[in-house]
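Peer 1: A structural model of the following input is requested.
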Amino acid sequence: MIYINILNLKNILLLGIGILLSFGSAEINNKCSSGNGICVGIKDCEDVGGTTVDGLCSGDSSSIKCCIKKKCYVDGSEGSCMFTSECKGTSYIGACPGGNNYQCCIKDDNHTSFIKNNPSLTKKQSNNLYYNELNNYYNTKKNYLKNKKTQLYSLKKNKKLYPYNRIDRKKLSIYQPSKISTFKNLNWSSKITTNKVYIQTSKKTKTYNYYIKTLKTKTFKYFKYYTHNSIISHTNIQITSIKSFPTTISTLNDNITASFIYNNTNEISQQIQTWSEQIQNSNKTTITNIYNCPTSSNHTFTNSGDSKIYEALSELLKNKGVCQNNPTDMDNYFDDEIGYTCLGVTPSLGYANRETYFAYAVETCKYGKAYFVHCAYKLNKENFINAVEKLYDEQYAGKGGCSNLPQPAFYICLDLVIHHGPAWSTNIIKNNPIGNMNGKEYGYLLNKLSREKYFKMGQQLDYNANDEYEWKAIIKRRNEYIDNYC
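Peer 2: Below is the predicted model:
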């Protein structure tokens with residue numbers, strides 16, 4: 001279960017009352033006949049501090065009334081409860097009665113409104129106007145195709161030795177070959193094992209197929225990885241930058257080409273490392289590594305080759321287990337029962353979004369609100385995982401201003417939204433735009449600002465030693481993720 005800051009616990013619990021059951025013949029979640037308010041259950045209205053009025057709902061009953069609630073608050077920001085179609089700002093779920101179509105609307109400031117009303121700004125203009133908030137649609141198809149491939153050039157350099165940079169092993173990610181092959185009578189000693197891949201120096205050309213296991217479906221995806229060719233004379237190898245994946249990298253030597261296909265930056269790091277180890281004593285080849293972390297211009301690129309939200313959620317939930325119903329975890333309590341939290345989705349959060357993200361399970365999972373999440377997971381695990389990705393992407397990353405950030409800053413931003421709320425993260429990103437920083441540099445900045453927030457909260461609320469240990473552990477975990485990403 002993801003740790004939620006206690007200051008935001010109320011808002012998170014309010015998510016559980018967002019979508020209501022139908023009672024009698026009343027038109028639940030419709031606008032009241034007066035034009036103000038929404039028709040919901042009385043209890044659900046009272047839970048969010050609303051006021052009920054009789055006679056304003058079709059099919060008005062003792063349990064369904066018109067609920068009036070004007071003011072609402074999201075992380076200290078004041079808004080108004082209204083239908084999302086009428087909102088002239090940003091809507092937040094959970095602070096108002098009714099379903100997803102009736103939310104807390106917080107009015108945008110002039111700067112945000114200007115950006116939303118001018119989607120056709122040029123790249124130069126967007127840089128001057130906190131371009132991380134703009135939709136980066138200005139990249140042309142020509143630029144996309146131009147940046148689609150990265151080439152690794154191996155050029156003959158008059159048998160001279162050039163200096164090279166070694167790659168830190170912490171950054172390496174190893175993929176397994178589909179079979180083990182050992183070569184003999186080569187110029188250099190080399191082989192392919194189950195945990196390392198070496199470039200071969202045989203004068204003969206050999207081709208091998210390798211596979212990568214996909215995390216989502218647990219099936220195997222096959223790729224033709226490379227053709228081995230001889231590297232006899234001195235070679236200077238340079239990797240220029242990281243572009244989109246899969247990436248094709250070619251080496252040229254005496255008019256002979258060897259192509260290598262990679263699916264993430266760590267695979268490229270591993271290949272360069274093995275090359276540098278093998279040729280270190282041969283005085284024949286030099287390796288130079290100058291690739292960078294992802295930036296705003298290529299914010300969709302990831303080390304794993306998966307989407308940013310999948311990669312970030314994998315890290316956030318890696319120590320949480322699939323489903324748990326620990327009675328000491330207060331987030332597992334819903335509708336006076338202990339339910340299950342699965343992949344970070346609490347019983348209240350899952351039930352509140354059952355008609356949207358988990359609609360596939362509504363007809364089957366009817367035997368208790370607290371058990372809806374667990375039932376939805378057991379019913380179709382693949383659909384559940386896809387729903388969790390979409391929920392976190394839209395309700396957390398999207399509303400927290402994280403969507404256009406490159407990794408590892410995207411992961412840090414998502415964690416900030418979970419612990420501090422979307423309004424705080426959006427404001428921080430607006431006041432501290434990414435500019436020319438890459439994902440690593442900006443990730444450090446966001447984590448630093450989060451640390452300052454925890455420190456100020458500790459002074460105001462008189463944190464005990466346990467609280468201080470927990471938030472310091474969060475800051476440390478984030479920094480370690482950034483350190484090892486790129």
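
Peer 1: Average pLDDT for stretch 414-425, rounded please.
Peer 2: Averaged across stretch 414-425, pLDDT comes to 84.

Peer 1: With only the CA atoms kept, save that stretch in PDB.
Peer 2: Extracted in PDB, the C-alpha atoms of stretch 414-425 (Å, rounded to 0.1, in the frame of the first residue of the first chain):
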ATOM      1  CA  LEU A 414       3.900  11.000  -9.300                       C
ATOM      2  CA  ASP A 415       5.100  10.200  -5.800                       C
ATOM      3  CA  LEU A 416       4.700  13.900  -4.800                       C
ATOM      4  CA  VAL A 417       1.000  13.800  -6.000                       C
ATOM      5  CA  ILE A 418       0.400  10.700  -3.900                       C
ATOM      6  CA  HIS A 419       1.900  12.300  -0.800                       C
ATOM      7  CA  HIS A 420       1.200  16.000  -1.100                       C
ATOM      8  CA  GLY A 421      -1.800  16.100  -3.500                       C
ATOM      9  CA  PRO A 422      -2.200  17.300  -7.100                       C
ATOM     10  CA  ALA A 423      -2.700  21.000  -6.300                       C
ATOM     11  CA  TRP A 424       0.700  21.300  -4.500                       C
ATOM     12  CA  SER A 425       2.700  19.500  -7.200                       C
END
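
Peer 1: Which positions in it come out as buried?
Peer 2: 414, 415, 416, 417, 418, 419, 420, 421, 422, 423, 424, 425 (16 or more other C-beta atoms under 10 Å). To be clear about C-beta, it is placed using only N, CA and C from the backbone, and glycine gets the same treatment.

Peer 1: what would the residues you listed look like in JSON lines with secondary structure and distance to residue 323?
Peer 2: Output for those, formatted as JSON lines (DSSP: H, G, I helix; E, B strand; the rest coil; distance: C-beta to C-beta, whole Å):
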{"residue": "414", "secondary structure": "helix", "distance to residue 323": "21"}
{"residue": "415", "secondary structure": "helix", "distance to residue 323": "21"}
{"residue": "416", "secondary structure": "helix", "distance to residue 323": "26"}
{"residue": "417", "secondary structure": "helix", "distance to residue 323": "23"}
{"residue": "418", "secondary structure": "helix", "distance to residue 323": "19"}
{"residue": "419", "secondary structure": "helix", "distance to residue 323": "22"}
{"residue": "420", "secondary structure": "helix", "distance to residue 323": "26"}
{"residue": "421", "secondary structure": "coil", "distance to residue 323": "25"}
{"residue": "422", "secondary structure": "helix", "distance to residue 323": "26"}
{"residue": "423", "secondary structure": "helix", "distance to residue 323": "30"}
{"residue": "424", "secondary structure": "helix", "distance to residue 323": "29"}
{"residue": "425", "secondary structure": "helix", "distance to residue 323": "28"}
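
Peer 1: Could you pick out the longest helix of this structure?
Peer 2: Assignment by DSSP state H gives helix 439-461 as the longest helix of the chain.

Peer 1: List the contacts of it.
Peer 2: Residues outside helix 439-461 that contact it (C-beta atoms under 8 Å, 6 or more residues apart in numbering): 7, 293-295, 299, 405-413, 416, 419-420, 424, 428-429, 432, 434, 437, 463, 467-468, 471, 474-475, 478-479, 482, 485-486.

Peer 1: let's see it at 6 Å
Peer 2: With contact meaning C-beta atoms under 6 Å, 6 or more residues apart in numbering, helix 439-461 is reached by 293-294, 406-409, 412, 416, 428, 434, 471, 475, 478, 482, 486.

Peer 1: Mark which of these are part of helices, please.
Peer 2: Going by DSSP H, the helices hold 409, 412, 416, 428, 471, 475, 478, 482 from those.

Peer 1: contacting residues around residue 293?
Peer 2: 438, 439, 440, 486.

Peer 1: Now stretch 71-82: buried residues?
Peer 2: Using 16+ other C-beta under 10 Å as the test for burial, stretch 71-82 gives 72, 74, 75, 77, 79, 80, 81, 82.

Peer 1: Sorry, slip of the keys, the one I care about is stretch 82-100.
Peer 2: Buried residues in stretch 82-100, counted by 16+ other C-beta under 10 Å: 82-83, 87, 89-100.

Peer 1: Go through these and flag which are in strands.
Peer 2: Among the buried residues of stretch 82-100, DSSP state E puts 82, 83, 89, 90, 91, 92 in strands.

Peer 1: my guess is the third one contacts residue 108, does it?
Peer 2: Yes. Between residue 89 and residue 108 there is a contact at 4.5 Å, judged by C-beta atoms under 6 Å.

Peer 1: Just give me the closest of the contacts of helix 439-461 to residue 342.
Peer 2: residue 416 (23.0 Å; C-beta to C-beta).

Peer 1: The nearest residue to the closest one once chain neighbours are set aside and residue 418: what is the separation?
Peer 2: Closest residue in space to residue 416, ignoring its immediate chain neighbours: residue 425 at 4.5 Å, by C-beta to C-beta, 6 or more residues apart in numbering. Computed as C-beta to C-beta, to the nearest Å, the residue 425 to residue 418 distance reads 9 Å.

Peer 1: Residue 30: neighbour count?
Peer 2: The tally of other residues near residue 30 (other C-beta atoms under 10 Å) stands at 18.

Peer 1: for it, what are its contacts?
Peer 2: Applying C-beta under 6 Å, 6+ apart, the residues near residue 30 are residue 39.

Peer 1: one step back: got a markdown table for the ones in strands among the buried residues of stretch 82-100, with distance to residue 45 too?
Peer 2: Shown next, in a markdown table, are those (distance: C-beta to C-beta, whole Å):
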| residue | distance to residue 45 |
| --- | --- |
| 82 | 15 |
| 83 | 16 |
| 89 | 23 |
| 90 | 23 |
| 91 | 19 |
| 92 | 18 |
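
Peer 1: Residue 381: which of the residues you listed is nearest?
Peer 2: Taking these together and measuring to residue 381 by C-beta to C-beta, the closest member is residue 92, at 29.4 Å.

Peer 1: and this protein, what are its domains?
Peer 2: Domains of the chain are assigned by automatic domain parsing as 6-107, 143-296, 299-485.

Peer 1: For residue 445, see how far away residue 479 is.
Peer 2: Going from residue 479 to residue 445 by C-beta to C-beta gives 12 Å.

Peer 1: Residue 72 now?
Peer 2: 31 Å.

Peer 1: Over to residue 34. Which of the three states is it?
Peer 2: Secondary structure state of residue 34, per DSSP: H, G, I helix; E, B strand; the rest coil, is coil.

Peer 1: okay but it is in contact with residue 56, surely?
Peer 2: Yes. In this structure, residue 34 is within contact of residue 56 by C-beta under 6 Å, at 5.1 Å.

Peer 1: neighbour-wise, which of the two wins?
Peer 2: Neighbour count, other C-beta under 10 Å: between residue 34 and residue 56, residue 56 has more, with 19 against 12.

Peer 1: Tell me if I'm right that the more buried one and residue 33 touch.
Peer 2: Yes. Contact criterion C-beta under 6 Å: residue 56 and residue 33 qualify, at 4.9 Å.

Peer 1: what number of residues lie near the nearest residue to residue 413 once chain neighbours are set aside?
Peer 2: The shortest distance from residue 413 to any non-neighbouring residue, by C-beta to C-beta, 6+ apart, is to residue 402 (3.6 Å). Using other C-beta under 10 Å, residue 402 is surrounded by 29 other residues.
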